[in-house]
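1. Sequence and predicted structure below; questions after.
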Amino acid sequence: MSVQELEKKQPPPKQGSFGLVAWLRWIWRTLTSMKTALILLFLLALGSVPGSLVPQRGVEPDKVAALYEANPTLAEWYDRFQLFEVFTSVWFAAVYLLLFTSLIGCVLPRTATYVRELRRKPPAAPRNLSRLPHAASFETGMDVNEAAGRLRKLRFRVVTGDGWVSAEKGYLRETGNLLFHVALLGILLAIGAGSLFGYRGNVLVVEGDGFANTVATYDRFMPGSQVSAESLEPFYFQLAEFKVAYQVEGEKRGQALDYSAHLKVNDTPGAPTRDFELKVNEPLETNGTQTYLIGNGYAPTFKVTDGKGQVAFEGAVPCLIEQKTTMTSGCVVKVPDSQPSQLGFLLQFMPTSVPLTNGDHASAFPGELNPEVKVLGAFSGDLGMNSGKPQSVYELAEPEVMKKLKPLVMGTSAPKPLAVGQSMELPDGLGTLEFTGVKEWITLQTNYDPGRWPALVFAATAVIAIGLSLMIRRRRVFVRIADGKAEVGGLTRTEGSAAGFTEEFADIVKVLSAGEKDVR
């Protein structure tokens, strides 16, 4: 029968199938590979970059508001990609969970392999030790047991046979490698625990006001899924005074040198009041809850008398910083209770006001040396505050509402800037605006993170573990003794460490040949 006829009678080969199980296996092998883990770790680090460059709502809500005002289109795109909330975004959580899964898939099989390796004895000595990368021989009178004893003193794991000794050490290298992966898992678990059982909150406090650690007092509160209102530590403090020291001379004139907030703190209800100086990177800590100073600005105080002679508004107004170098700030005063109509004011606060050549005024220094308030606009009408929609304290009203307001003072009709104690009369007898004083505000972030210390411990463990993994090398030493002659051979099991083993091998030979006569 010809070859062609045989080929015709044979059934055609079956095409390989790649079903669901095969796909799942491939996905799992790919996800748990070291290459994938490194890529995910790189993506996690890369994803953290926007959290440092773009202001975060949980840390700097005032800067987020300023970005919306300065460039609303860009701010909307940032919001779409969750760049204002990077560390709680969906895409960051996805990378985090994939990395967590990948590390588990790496650690479990490597742990099993490592345990088997620890239980395995060193292999028997090769017959020809001179073929190994490191070899030496000398005349000796010692036996196998004595040679094994000398190697044990050098902390080798030793196995003996008929005329030979096999020794190995350097297992801490793989221990460090494995411990590093476990530490990374520990860091991720600590971060996860902080997300579940921790919380963050932001609040703006004006000089003279107080703050109680309750959900209702926060401007923004971000609890973990396992946090309730009862989980918060019941501490209270009052901002007695806030001071900023500025550079007054030289090229860095106006640069802030130091921030200091004097607090009067009650750690628990009924506890005695204690003084605390809150500074940048020196948080107030109360039973594990930390309060950080993250921002500051001015809150000028105003008094508004309406058209019926009643005081419709009196108090401090936190202003949004417009120029950081001079602390020129934009202020909005809303007076919904004034009669016969509601009043609204757009103001500009200048801590050190100086006249310009064109007759205008501007701030020349961020410190409070000559505070004045410039009236940019005064309006009457319905401010839309009774509509039920939330409004920003830094905006007078929505554009549609602004079109319906009646301008009372605008542009060139505005008077000169108001100094402390001066007032401005509104037309048509609608009232007066008086600039009564200056206070300062601070923004605080309160943070409770139960995973903070575990994360620090695991991070330190990871550093030590990677040091063990990089500095320790796996190596083997073999000895054969016959007819009064000892042959010693050695090799490393770590790539690229042969050069470093040369000196150690020479020291091992010296220990073994102590008191003996060298042959080679």
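-> Now that the structure is in, tell me what you want to look at.
2. all helices in the stretch 1-150 of the chain, in order from the N-terminus.
-> Remark: helices assigned in the stretch 1-150 of the chain by DSSP state H, counting those that start in this stretch are 3-9, 20-31, 34-53, 61-70, 72-80, 90-119, 144-153.
3. Over to the stretch 251-400 of the chain?
-> Using DSSP H, counting those that start in this stretch, helices in the stretch 251-400 of the chain cover 399-402.
4. Quick check: which ranges of it have low pLDDT?
-> Residues of the stretch 251-400 of the chain that meet the criterion pLDDT under 70 lie in 387-388.
5. For V420, find the nearest of the helices of the stretch 1-150 of the chain.
-> helix 61-70 (24.2 Å; Cβ to Cβ). C-betas here are computed from N, CA, C, even on glycine.
6. Flag every buried residue along that closest one.
-> P61, D62, K63, V64, A65, A66, L67, Y68 (16 or more other Cβ atoms under 10 Å).
7. Need those in a markdown table (columns: distance to I321).
-> Shown next, in a markdown table, are those (distance: Cβ to Cβ, whole Å):
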| residue | distance to I321 |
| --- | --- |
| P61 | 13 |
| D62 | 7 |
| K63 | 9 |
| V64 | 13 |
| A65 | 10 |
| A66 | 7 |
| L67 | 12 |
| Y68 | 14 |
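8. which residues in the stretch 201-350 of the chain form strands?
-> Using DSSP state E, counting those that start in this stretch, the strands of the stretch 201-350 of the chain run over 210-212, 220-223, 236-246, 256-266, 274-278, 284-286, 289-306, 311-316, 320-323, 328-335, 343-350.
9. Compare these and give me the one nearest L189.
-> Nearest to L189, of all the strands of the stretch 201-350 of the chain, is strand 220-223, at 19.5 Å by Cβ to Cβ.
10. sorry, back to before: pick the most buried one from the strands of the stretch 201-350 of the chain.
-> Mean neighbours per residue, mean count of other Cβ atoms under 10 Å, is largest over these for strand 343-350, with a mean of 24.
11. Parallel or antiparallel, list what pairs with that strand.
-> strand 328-335 (antiparallel), strand 372-380 (antiparallel) (DSSP bridges).
12. which residues touch the first one?
-> Spelled out, that is strand 328-335. Outside of strand 328-335, the residues within contact range by Cβ atoms under 8 Å, 6 or more residues apart in numbering are 297-298, 300, 302, 304, 306, 312-313, 317, 319-322, 342-351, 362-363, 373, 383, 385, 393-396, 433.
13. swap in the longest one?
-> Strand 372-380 is contacted from outside by 300, 331, 341-350, 353, 361, 396, 402, 405-411, 414-415, 417-419, 424, 426, 430, 433, 435, using Cβ under 8 Å, 6+ apart.
14. go with 6 Å
-> Applying Cβ atoms under 6 Å, 6 or more residues apart in numbering, the contact partners of strand 372-380 are 341, 343-350, 353, 405-410, 414, 417-419, 430, 435.
15. got it, and stretch 435-449?
-> With Cβ under 6 Å, 6+ apart, stretch 435-449 has contacts from 194, 198-207, 242, 261, 289-292, 294-301, 303, 316, 318, 368, 371, 373, 418, 420, 422.
16. just the helices of the stretch 1-150 of the chain: most buried one?
-> helix 61-70 (a mean of 18).
17. now it: mean pLDDT?
-> Average pLDDT, helix 61-70: 81.
18. Tell me how far that helix lies from the chain's centre.
-> Helix 61-70 sits 21 Å away from the centroid of its parent chain (Cα atoms, centre = their mean, to the nearest Å).
19. How about the contacts made by F92?
-> Residues in contact with F92 (Cβ under 6 Å, 6+ apart) are G47, V86.
20. and what of G288?
-> G288 neighbours (Cβ under 6 Å, 6+ apart): none.
21. Can you spell out which residues form a bridge with G210?
-> With DSSP bridges as the rule, G210 is bridged to Q238.
22. Need the pLDDT of it.
-> On pLDDT, G210 comes in at 93.
23. doesn't Q238 make contact with it?
-> Yes: at 4.1 Å, G210 counts as touching Q238 under the criterion of Cβ atoms under 6 Å.
24. Show me what counts as buried in stretch 432-439.
-> L433, E434, F435, T436, V438, K439.
25. wait, stretch 390-405
-> Here stretch 390-405 shows Q391, Y394, E395, L396, A397, V401, M402, L405 as buried, counting by 16+ other Cβ under 10 Å.
26. what two of these are the furthest from one another?
-> Using Cβ to Cβ, these span at most 17.0 Å, a distance reached by Y394 and L405.
27. quick one: contacts for R480?
-> Contacts of R480 by Cβ under 6 Å, 6+ apart are A125, L129, W164, E487.
28. Kindly recompute the last result at 10 Å.
-> 125-129, 137, 144, 147, 161, 163-166, 486-489 (Cβ atoms under 10 Å, 6 or more residues apart in numbering).
29. Which among those count as buried?
-> A125, L129, S137, V144, A147, W164, V165, S166, A486, E487, V488, G489.
30. Of the strands paired with strand 343-350, give the one that comes closest to R152.
-> Closest approach to R152 among those (Cβ to Cβ): strand 328-335, 75.1 Å.
31. what's the angle from the closest one to helix 61-70?
-> Interaxial angle of strand 328-335 relative to helix 61-70 (axes from the mean of the first three to the mean of the last three Cα atoms, to 10 degrees): 90 degrees.
32. Off-centre distance for strand 328-335?
-> Offset of strand 328-335 from its chain centre (Cα atoms, centre = their mean): 33 Å.
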